[in-house]
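coordinates for the following, if possible.
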Amino acid sequence: MAGIHGSNEEHNDLTQQAGGDIGADASKHSDSATLASKGSSIQTSDFESSLNNQADLGSSADHNHAGPAESPIPKMSEDFKQHNGTKGSDKLVGDAGDDFIFPGTDSFSFNQAEAKSGAEEFPFPNDSKGSSEANLSLDDKGNFKVEGSFKDFDGAPLFSQGEKEIDPKAEILNGSDPKALVDGFLAVPEDKEGNKLSGTHLHFSPSGDDRGNFADATVVRFLENTVNADGKSGNISANFELKPDEQAALLAGNLYANLHSNVDVDGDGKAGFPTGENRLNFNQKVVEFA
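Residues are numbered from 1 along each chain as shown. Below you'll find the predicted structure:
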């Protein structure tokens with residue numbers, strides 16, 4: 001990249017000069033300062049002298065006493081240029097160390113995300129016949145939308161009935177601690193964008209494709225549940241702004257939504273799965289690039 005270390009010709013010239021010094025007779029290099037200005041490799045005597053000087057100067061000395069006075073790291077305004085895509089819609093977003101190149105809305109699309117049964121739930125597969133699906137969109141301002149639905153669940157979505165405890169009829173899967181999970185969620189009544197607590201959560205994690213599954217319990221956002229009268233079906237939705245690193249995670253296929261359930265609304269004696277009845281993977285099979 002131009003502007004960082006000068007031209008290729010200058011770089012090659014310095015490299016050749018430095019290479020010529022390797023293995024040379026040390027007696028030819030009595031004037032190390034002059035040779036250093038010509039690209040010479042640092043000699044042993046120079047190195048030892050620099051260490052001695054640094055030790056004499058003490059802790060207050062410049063860390064780069066024998067090196068360049070300024071950092072060689074390129075400055076954004078001087079060395080980087082805007083990257084434009086096929087329609088000029090690509091742009092660099094973010095300014096807090098979480099920058100990434102937004103590839104332009106013309107370069108990607110989303111297939112429908114779906115979970116056909118509780119058998120696909122990870123890491124706690126279950127025997128629920130419930131299924132869910134969702135359509136996604138992301139614009140060039142970072143606005144992320146989810147529109148989806150669920151049906152045939154064993155229980156109503158977690159927290160949709162205003163409950164604060166696990167339904168005694170809910171199924172507790174081996175190895176899970178749903179009480180700790182519910183108590184943890186109740187301690188955070190809204191996400192960082194102000195979306196209210198719900199039983200459908202957006203999480204970070206590679207999932208459900210050729211990279212295998214992984215579960216990360218960190219909640220990125222709460223999605224909204226609208227529950228039908230039967231308590232077993234309804235809609236899920238979201239409309240919020242993703243930060244640059246969250247946009248990057250989404251487009252890399254590293255987000256998923258987990259649908260937790262709990263209360264036996266229809267009184268059939270079967271409640272839900274507090275640790276998750278369905279998992280909608282927004283993975284590399286859902287995110288498609290042109």
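
in the chain, which ranges drop under the pLDDT threshold?
Low-confidence segments of the chain (pLDDT under 70): 1-90.

which parts of stretch 162-178 are buried?
Judged by neighbour count (16 or more other CB atoms under 10 Å), stretch 162-178 contains these buried residues: 166, 167, 169, 170, 171, 173, 176, 178. In this view, the C-beta of every residue, glycine as well, is placed from N, C-alpha and C.

what's the answer for stretch 246-263, then?
Residues of stretch 246-263 classed as buried: 246-251, 253-263 (neighbour count, 16+ other CB under 10 Å).

keep only those of those residues that are in helices.
Those of these mapping onto helices are 246, 247, 248, 249, 250, 251, per DSSP state H.

closest to residue 123 among these?
Distance ranking of those against residue 123, using CB to CB, places residue 249 first at 19.5 Å.

can you pull out the helices in the stretch 101-250 of the chain?
Counting by DSSP state H, counting those that start in this stretch, the stretch 101-250 of the chain has helices at residues 178-186, 244-251.

distance to residue 274 added to these, as JSON lines?
JSON lines is the format used below for the helices of the stretch 101-250 of the chain (distance: least, CB to CB, whole Å):
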{"stretch": "helix 178-186", "distance to residue 274": "4"}
{"stretch": "helix 244-251", "distance to residue 274": "26"}
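
among these, which is nearest residue 268?
Closest among those, using CB to CB: helix 178-186, at 20.2 Å.

contacts for the closest one?
158, 159, 164, 165, 166, 170, 172, 197, 217, 219, 274, 275 (CB atoms under 8 Å, 6 or more residues apart in numbering).

could you redo the last one with a cut-off of 6 Å?
For helix 178-186, the surrounding residues in contact (CB atoms under 6 Å, 6 or more residues apart in numbering) are 166, 172, 274, 275.
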